[in-house]
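*Asks:* Have a look at this fold, sequence not included:
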C-alpha cells in the first residue's frame with residue numbers, strides 16, 4: 001500500500017525548490033564591479049580635475065570621470081572584464097595602466113603618481129599660397145621640352 005504526502009507538504013516542497021532556484025539565478029546576474037583610486041603628483045599632493053578613463057579591453061566600453069579635490073576618483077557599475085585605465089592632467093605625463101581586472105561585486109584600486117610632463121602648444125599657420133592659381137599674369141608657357 002502506497003501512502004501519498006499531504007497536499008500542503010507537496011506545496012511547501014515546490015515552494016522551497018522554486019525559492020532556491022530564484023536565489024541562484026539572482027546571484028548569477030551580479031556581473032558588475034568598480035574601480036577607484038587616488039591621483040597625486042610625485043610629491044604626494046592631490047591632483048584635482050584629472051581625467052580618468054577606463055576602456056574595456058574586450059568590449060571597448062569607455063567610462064570617464066574627473067578626480068575630486070582630494071584626488072580621489074571612482075567608476076561604479078562596470079561590467080566584469082579587463083580594462084585599460086588612462087589618467088591625464090594638463091602639465092603632467094599621461095599614465096596608462098593596461099590589464100586592470102574588474103571583478104564581480106568588488107572594487108579594484110588604481111593609484112597613480114603623475115610626473116611633470118611637457119607643456120605642448122599648437123600653432124596653426126594660415127598663409128596665402130605662393131603661386132597664383134587663378135590667372136596667368138605671373139606665369140609663362142613652355143613651348144618645347146628638351147631632354
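*Replies:* Perfect, I can see it now. Since this is a predicted model, take the numbers as computed values, not measurements.

*Asks:* if I look at residue 110, how far off is residue 117?
*Replies:* 19 Å (Cβ to Cβ, to the nearest Å). Backbone N, C-alpha and C define where each C-beta goes, glycine included.

*Asks:* Those two: which has the busier surroundings?
*Replies:* residue 110 (19 against 13; other Cβ atoms under 10 Å).

*Asks:* Need the nearest residue in space to the more buried one, chain neighbours excluded.
*Replies:* Nearest in space to residue 110, with sequence neighbours left out and distances taken as Cβ to Cβ, 6 or more residues apart in numbering, is residue 37 at 4.2 Å.

*Asks:* Next one: the one you found from residue 118, what distance?
*Replies:* For residue 37, the distance to residue 118 - Cβ to Cβ - is 24 Å.

*Asks:* who has more neighbours, the two?
*Replies:* For residue 37 versus residue 118, neighbours defined as other Cβ under 10 Å are more numerous around residue 37 (21 against 8).

*Asks:* tell me which strands and helices the host helix or strand of that one is in contact with?
*Replies:* Assigned by DSSP states H and E, residue 37 falls within strand 32-41. Using 3 or more Cβ pairs under 8 Å, 6 or more residues apart in numbering; DSSP states H and E, the elements in contact with strand 32-41 are strand 51-56, strand 72-79, strand 81-88, strand 95-102, strand 107-109, strand 112-114.

*Asks:* Okay, buried residues for the second one please.
*Replies:* Translated: strand 72-79. 73, 75, 78 (16 or more other Cβ atoms under 10 Å).

*Asks:* Would you mind pulling the contact partners of that strand?
*Replies:* 31-39, 50, 52, 54, 56, 59, 61, 63, 65-67, 102, 107 (Cβ atoms under 8 Å, 6 or more residues apart in numbering).

*Asks:* Mind listing the residues bridging to residue 107?
*Replies:* residue 34 (DSSP bridges).

*Asks:* and the gap between it and residue 54?
*Replies:* In terms of Cβ to Cβ, residue 107 sits 13 Å off from residue 54.
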